[in-house]
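> next come a sequence and a model predicted from it.
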Amino acid sequence: MKKISFIGAGNMAEAIIKGLMVTGSYEIRVTNRSNQAKLAQMKEDYGVIPVSFREAVKDSEIILLAVKPKDVGEALAQIREGISSNQLLISVAAGIPLALLEKHLPHCPIIRAMPNTSSAVLHSMTGLVKGQGVNEAKQRDVEDIFGAVGKYIWITEEQINPLIAMSGSGPAYFYLFTEALVKAGVDMGFSQEVAENLAKETLMGAAKMLAQSGKSPGELRVAVTSPKGTTQEALEVFREQGLEELVAQAAKACKHRAQAMEREYLG
């Protein structure tokens, strides 16, 4: 059983931990600088082992850095004191480039990863970027972790910000659309509970069709859109209001923010 330490206990860390616990393949340790109550709750919920920062670094084969971007510099300074070249660091901090990680930890194998919170239900889509000193064995370790909580893809670092704009932040886009559909249902007379059930089941069904039908999104859309029918009427409103362009603008804004964060932290 491999030992993996999480530095940070926020939403992303918890989502990955929740997914990994299903596998039973890891002894999971967690350290968190400020919120000890959160650590106690995670111990109760998932059976993780709360540890000190020093213990997290010293006693684990894999260290997963999941602190807020603004706290990465301080965390790396502490990690540097105890980490060895035999260990592996995985960073899931958005906006923190490999150059910064490698500057602080010049002798440590490093992977930059961008999962999403659907790790909690084993349906994350994770982008992986290989940094310095990562051999085949450590690459397999990373694939085992993120393969256990969904799917993964190896990308270049230049691709990570576009990936953040699609799959990293993507779940929030679907949640927002679902919120809007629920509100429309309530406005048309359904109770909140009924509207939420209608919207959620519709979204899950559409997702399964995308995953299992072998058809493209466009083909599936055409299949449910009868000429001059109700669906076509709704889709025409989306087109008239510029939905496709709005989605493109939102994704670009996300990518540009990720790029700006990289510039900020590189200095």
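It's in. Residues are numbered from 1 along each chain as shown.
> check the secondary structure at K151 for me.
What DSSP: H, G, I helix; E, B strand; the rest coil gives for K151 is strand.
> so what pLDDT did the closest residue to G168 other than its chain neighbours get?
Once flanking residues are discounted, G168 sits nearest to M114: 4.9 Å by CB to CB, 6 or more residues apart in numbering. For the C-beta atoms, the positions are set from N, CA and C on the backbone; glycine is no exception. With respect to pLDDT, M114 scores 98.
> and if you look at G267?
On pLDDT, G267 comes in at 69.
> what do you get for I90?
98.
> list the contacts of it.
I90 makes contact with 62-65, 110-113, 142, 145, according to CB atoms under 8 Å, 6 or more residues apart in numbering.
> repeat the analysis, applying 6 Å as the threshold.
Taking CB atoms under 6 Å, 6 or more residues apart in numbering, we find I90 in contact with 64, 111, 113.
> likewise A120?
Contacts of A120 by CB under 6 Å, 6+ apart are 15, 18-19.
> do V224 as well
For V224, the contact set (CB under 6 Å, 6+ apart) comprises T231.
> how about I63, secondary structure?
Look at I63: counting by three-state DSSP, its state is strand.
> and it, how many neighbours?
For I63, the neighbour count with other CB atoms under 10 Å is 27.
> isn't it up against S5?
Yes: the criterion here is CB atoms under 6 Å, and I63 meets it with S5 at 5.1 Å.
> now A184: which helix or strand?
Taking DSSP states H and E as the criterion, A184 maps to helix 170-187.
> so for that helix, mean pLDDT?
Per-residue scores along helix 170-187 average to 98.
> ok, so of the contacts of A120, who is nearest Q192?
A15 (25.9 Å; CB to CB).
> ok, so what distance separates the closest one from M42?
Look at A15 and M42: by CB to CB, to the nearest Å, they are 12 Å apart.
> mutual contacts of those two, please.
By CB under 6 Å, 6+ apart, no residue touches both A15 and M42.
> what's the helix or strand harbouring R54 packed up against?
R54 is part of helix 53-58 when elements are defined by DSSP H and E. Secondary-structure packing of helix 53-58 (3 or more CB pairs under 6 Å, 6 or more residues apart in numbering; DSSP states H and E): strand 26-31.
> give me that answer again for 10 Å
strand 2-7, strand 26-31, strand 49-50, strand 62-65, helix 72-80 (3 or more CB pairs under 10 Å, 6 or more residues apart in numbering; DSSP states H and E).
> got any ranges where the stretch 101-250 of the chain has weak pLDDT?
For the stretch 101-250 of the chain, not a single residue meets the criterion pLDDT under 70.
> now do the strands in it.
Taking DSSP state E, counting those that start in this stretch as the criterion, the stretch 101-250 of the chain carries its strands at 110-114, 124-130, 150-154.
> partner strands of the first one and their direction?
Translated: strand 110-114. Strand 110-114 has these partner strands in its sheet, going by DSSP bridges: strand 88-91 (parallel), strand 124-130 (antiparallel).
> which residues does A206 contact?
The neighbours of A206, taking CB atoms under 10 Å, 6 or more residues apart in numbering as the test, are 174, 217, 220-221, 224.
> quick check: it vs E245, distance?
A206 is 22 Å from E245, by CB to CB.
> got it, and M204?
27 Å.
> OK, contacts around G189?
A195.
> before we move on, what about the one 4 residues further on?
For E193, the contacting residues are 182, 186, taking CB under 10 Å, 6+ apart as the criterion.
> do that again at 6 Å, thanks
Counting by CB under 6 Å, 6+ apart, E193 makes contact with nothing.
> any idea which of the helices and strands packed on helix 53-58 is most buried?
Greatest average neighbour count among the helices and strands packed on helix 53-58 goes to strand 62-65 (a mean of 25), per mean count of other CB atoms under 10 Å.
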